[in-house]
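*Asks:* attaching a predicted model along with its sequence, questions to come.
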Amino acid sequence: MQPGTGLLPLPVELESRSGPGAPASYPADVAIDPALGPEAYQLTTDADRPRIVAGDAAGAFSARLTLSQLPVGPDGRLPALRVADRPRFGWRGVLLDVARHFLGVDDVLAFLDDLADLKLNRLHLHLTDDQGWRLQIDSWPRLAEVGGRSGSQGSAGGWYSKDDFRRIVAHAADRHIVVVPEVDLPGHTNAALVAYPELACPGVVPEPYEGDEVGFSTLDTANELVYRFTAEVLREVAELSPGPWLHLGGDECLSTPDEGYAEYVRRAARLVTGLGRIPVGWHEIGQAGGLPDGVVGQYWNYTIPEDGHAARVRSLVAQGGKVILSPSDVAYFDMKYTADDLLGQDWAEGPTSLREAYGWEPTTVIDGLAETDLLGVEAAVFTEYLCGLDAVRSLAFPRLAAFAELAWSPAPAPGQQRDFAGFTRRLAGYARRWDARGVSYRRVPEVDWEA
Ligand code: TNX
């Protein structure tokens, strides 16, 4: 038993396949039965040796995780129980913004361990923005070498070599997490324009940027060189990314003319499908017609949409697209917890409490969508003001645990709410795992942490 925690040893102390967060070799009898469905599992602990039947390898991974999280009695024995479990949503994602404040590879690997322990399965890496470009691109080397030098608030910057990026992807894959790389285009491109001013509109002289404004930068969508740039960058990103999705951004292009925006997004999305990948973009891309079938839109406006936003999502679905929901008033964990906080933003309808992070219902956000239009949900941690892993974690946790439960568990019965009091009791127990691994989290007053 883990001393003092009342829990089984963490995966870190098991004979795990590849280090912390990978409970891959916890002793159990495992069988795969595809009839159970993707990610589903059954776990039975009434005999000497736990038994697992899983729909696939991801389900078996989740089963082992559940096993490693069971409380053991004073005699060191597991409780006898039978769990039949499956996730509500196949896409349970987190966006990590490494463009504003860069995070080194080891920090990203540690964050992946945090996500895996909550059965989250997508890491959306926001790799480029006005403040910095964070990935080596051989055909356009100044992107990293020059665009990688800057960061928010005068931070040092940095960038991932291709080997760095492969390490992140492999560590994620060992935990059944798919990395979704985002190259934010054609806006949010100031760092790229500093590296290659010929991609900017005539007369624009880009300078490194450390602030938190958005919408001021754009590639020149009337310049054919921009399309060659886009094709070469996306090709290299695809080569590094075995997952099915490539995120091309498309948000807040306030300086891009509407027609140029629509043409650019259409062409960039086609480039992605030409690389054998599924294009993902922020929900604004729905305003461009002619998007490829199966395109994915990520919704970032509020749980009660402002004018025009829901229409773009519906337009995307009408073109054969699917939706990921990231309502910023409940799932952006770079927001403050309370108005008194010093750290965090508040533009998304004010602070976001743990209760708000837990209490929303995905199917009611955009009128006219069926649950089958939803690929899933994603939380976000943007980092204009978050420097380093501890800051990211203390804004993400415990809200990300609330999000993970909402992403995994069945919808509450009609007219019912999720049981917040029950969640906070379970959370107090779960937090011992964060304590044991030294993960920073906010001890919000809604939870009795000593219970
Ligand atoms: C909005 S929501 C952004 C990001 C910022 C974030 C800060 C969206 C698609 N873009 O550029 O970093 O707010 O909370």
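*Replies:* Looks like it came in fine.

*Asks:* ranges for the helices of this protein?
*Replies:* Assigned helices in the chain, in chain order: 57-69, 105-117, 142-145, 162-174, 190-195, 224-240, 258-274, 309-318, 328-331, 354-358, 389-396, 399-408, 420-437 (criterion: DSSP state H).

*Asks:* most packed of those?
*Replies:* When you average the neighbours per residue for each of the helices of the chain (mean count of other CB atoms under 10 Å), helix 190-195 leads with a mean of 26. Where you see a C-beta, it was placed from the backbone N, CA and C, and this is true even at glycine.

*Asks:* using JSON lines, lay out the helices of the chain together with mean pLDDT and distance to Arg88.
*Replies:* Below are the helices of the chain laid out as JSON lines (pLDDT from 0 to 100; distance: least, CB to CB, whole Å):
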{"stretch": "helix 57-69", "mean pLDDT": "94", "distance to Arg88": "13"}
{"stretch": "helix 105-117", "mean pLDDT": "98", "distance to Arg88": "17"}
{"stretch": "helix 142-145", "mean pLDDT": "98", "distance to Arg88": "38"}
{"stretch": "helix 162-174", "mean pLDDT": "98", "distance to Arg88": "22"}
{"stretch": "helix 190-195", "mean pLDDT": "98", "distance to Arg88": "37"}
{"stretch": "helix 224-240", "mean pLDDT": "98", "distance to Arg88": "30"}
{"stretch": "helix 258-274", "mean pLDDT": "98", "distance to Arg88": "27"}
{"stretch": "helix 309-318", "mean pLDDT": "97", "distance to Arg88": "19"}
{"stretch": "helix 328-331", "mean pLDDT": "98", "distance to Arg88": "15"}
{"stretch": "helix 354-358", "mean pLDDT": "98", "distance to Arg88": "14"}
{"stretch": "helix 389-396", "mean pLDDT": "98", "distance to Arg88": "21"}
{"stretch": "helix 399-408", "mean pLDDT": "98", "distance to Arg88": "6"}
{"stretch": "helix 420-437", "mean pLDDT": "96", "distance to Arg88": "15"}
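
*Asks:* turn the ones you listed into a markdown table, including distance to Gly76.
*Replies:* Putting the helices of the chain into a markdown table (distance: least, CB to CB, whole Å) gives the following:
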| stretch | distance to Gly76 |
| --- | --- |
| helix 57-69 | 14 |
| helix 105-117 | 22 |
| helix 142-145 | 51 |
| helix 162-174 | 28 |
| helix 190-195 | 54 |
| helix 224-240 | 45 |
| helix 258-274 | 52 |
| helix 309-318 | 51 |
| helix 328-331 | 39 |
| helix 354-358 | 33 |
| helix 389-396 | 31 |
| helix 399-408 | 27 |
| helix 420-437 | 17 |
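
*Asks:* which stretch among these comes nearest the ligand?
*Replies:* Nearest of the helices of the chain to the ligand, taken as CB to the nearest ligand atom: helix 328-331 at 5.7 Å.

*Asks:* contacts only, for the residue of the stretch 301-450 of the chain found nearest the ligand.
*Replies:* At 3.4 Å from the ligand, Phe382 is the closest residue in the stretch 301-450 of the chain, using CB to the nearest ligand atom. Applying CB atoms under 8 Å, 6 or more residues apart in numbering to Phe382 gives the contacts Leu95, Asp97, Arg100, His126, Tyr332, Asp334, Gln345.

*Asks:* filter the residues you listed by proximity to the ligand?
*Replies:* Tyr332, Asp334, Gln345 (CB under 6 Å from any ligand atom).

*Asks:* number of nearby residues for the first one?
*Replies:* Each residue near Tyr332 was counted by other CB atoms under 10 Å, and the total is 24.

*Asks:* hmm, back to that, what would the helices of the chain look like in JSON lines with distance to the ligand?
*Replies:* Output for the helices of the chain, formatted as JSON lines (distance: least, CB to the nearest ligand atom, whole Å):
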{"stretch": "helix 57-69", "distance to the ligand": "28"}
{"stretch": "helix 105-117", "distance to the ligand": "17"}
{"stretch": "helix 142-145", "distance to the ligand": "19"}
{"stretch": "helix 162-174", "distance to the ligand": "21"}
{"stretch": "helix 190-195", "distance to the ligand": "12"}
{"stretch": "helix 224-240", "distance to the ligand": "19"}
{"stretch": "helix 258-274", "distance to the ligand": "14"}
{"stretch": "helix 309-318", "distance to the ligand": "11"}
{"stretch": "helix 328-331", "distance to the ligand": "6"}
{"stretch": "helix 354-358", "distance to the ligand": "15"}
{"stretch": "helix 389-396", "distance to the ligand": "11"}
{"stretch": "helix 399-408", "distance to the ligand": "14"}
{"stretch": "helix 420-437", "distance to the ligand": "24"}
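
*Asks:* which non-adjacent residue is nearest Ala339?
*Replies:* Excluding its sequence neighbours, the residue lying closest to Ala339 (CB to CB, 6 or more residues apart in numbering) is Pro351, at 5.5 Å.

*Asks:* need the contact list for the closest residue to the ligand within the stretch 101-250 of the chain.
*Replies:* Evaluated by CB to the nearest ligand atom, the stretch 101-250 of the chain has Val214 as its residue closest to the ligand, separated by 4.9 Å. By CB under 8 Å, 6+ apart, Val214 lies in contact with Asp130, Gly187, His188, Glu252, Leu254.

*Asks:* ranking these by neighbours, who comes first?
*Replies:* Going by other CB under 10 Å, Asp130 tops the contacts of Val214 with 30 neighbours.

*Asks:* ignoring the adjacent residues along the chain, who's closest to that one?
*Replies:* Using CB to CB, 6+ apart, the nearest residue to Asp130 is Asn190, at 3.6 Å.

*Asks:* check the contact between that neighbour and Gly211; I expect there is one.
*Replies:* No. Look at Asn190 against Gly211 with CB atoms under 8 Å: they stay out of range, at 10.2 Å.

*Asks:* picking up where we left off before, out of the helices of the chain, which gets nearest to Val296?
*Replies:* Of all these, helix 309-318 sits nearest to Val296, with 8.4 Å by CB to CB.

*Asks:* counting by contacts, list what that closest one packs against.
*Replies:* Other helices and strands packing on helix 309-318, by 3 or more CB pairs under 8 Å, 6 or more residues apart in numbering; DSSP states H and E, are strand 296-299, strand 322-325.

*Asks:* as TSV, those strands with mean pLDDT and mean neighbour count would be great.
*Replies:* Listed next are these as TSV, based on pLDDT from 0 to 100; neighbours: other CB atoms under 10 Å:
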stretch	mean pLDDT	mean neighbour count
strand 296-299	98	28
strand 322-325	98	24
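
*Asks:* ok so, going back, just the buried ones out of the contacts of Phe382, please.
*Replies:* Neighbour counting by 16 or more other CB atoms under 10 Å classes Leu95, Asp97, Arg100, His126, Tyr332, Asp334, Gln345 among these as buried.

*Asks:* brilliant, that's me finished.
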